[in-house]
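quick one: sequence plus predicted model below, questions after.
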Amino acid sequence: AGTSRVLRFYPAARLDGLLERTEKFGAKTIERYVGRDDRLVYRSVTLEDVTSATGISREAAAEQEPVIIKMTEKYARDDSVDAEADTAKRVFALRAGYIQVFYHHGEG
């Protein structure tokens, strides 16, 4: 049912440090990064499956604007900041209407 593709990049040749992008068409996109100043290492975007929700064809759904349900970002540890103040993950649950922020754990 779902078609997907994986794109791999040379991160040193890109300004954003994108290493890999995995797309499951009409459902989810996952991006992995390296060497970014903001320490972002992962980003995912989950889309609403309009084909099952509305019964329209995949071709018709491809022409519609995608609806984002959830976005997630993960960050590498920044040793210059206390772990309890260093963001590890952010979840933006747009459909549910909330944002979650998780922090790295300190030693012990």
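Thanks, I have the structure now.

so where do the strands sit in this protein?
Secondary structure of the chain by DSSP state E: the strands cover 4-8, 18-24, 28-33, 40-47, 68-75, 87-93, 98-103.

now for the first one, which elements pack on it?
Spelled out, that is strand 4-8. With contacts defined as 3 or more Cβ pairs under 8 Å, 6 or more residues apart in numbering; DSSP states H and E, the packing partners of strand 4-8 are strand 18-24. To be clear about C-beta, it is placed using only N, CA and C from the backbone, and glycine gets the same treatment.

parallel or antiparallel, list what pairs with the strand it packs on.
When sheet partners are counted by DSSP bridges, strand 18-24 sits next to strand 4-8 (antiparallel), strand 28-33 (antiparallel).

so how far is Asp86 from the most centrally placed residue in the chain?
The chain has Ser44 as the residue nearest its centroid, 1.4 Å off, counting by Cα atoms, centre = their mean. Distance of Ser44 to Asp86, given as Cβ to Cβ, to the nearest Å: 20 Å.

just to revisit the earlier point, most packed of the strands of the chain?
Of these, the one with the most neighbours on average (mean count of other Cβ atoms under 10 Å) is strand 28-33, at a mean of 19.

quick one: least confident helix or strand in this protein?
Ranked by mean pLDDT, DSSP states H and E, the weakest helix or strand in the chain is helix 50-54, scoring a mean of 62.

remind me which residues of this structure are low pLDDT?
Applying pLDDT under 70 to the chain flags the ranges 1-2, 50-62, 108.

if I look at Arg5, how far off is Asp86?
Plainly put, Arg5 is 33 Å away from Asp86 if you go by Cβ to Cβ.

the strands paired with strand 18-24 into TSV, with extra columns for distance to Phe92?
TSV is the format used below for the strands paired with strand 18-24 (distance: least, Cβ to Cβ, whole Å):
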stretch	distance to Phe92
strand 4-8	23
strand 28-33	14
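
and Leu15, which of those strands is closest to it?
Among the strands paired with strand 18-24, the nearest to Leu15 by Cβ to Cβ is strand 28-33 (11.2 Å).

the closest one vs strand 40-47, what angle?
Orientation note: strand 28-33 sits at an angle of 170 degrees relative to strand 40-47 (axes from the mean of the first three to the mean of the last three Cα atoms, to 10 degrees).
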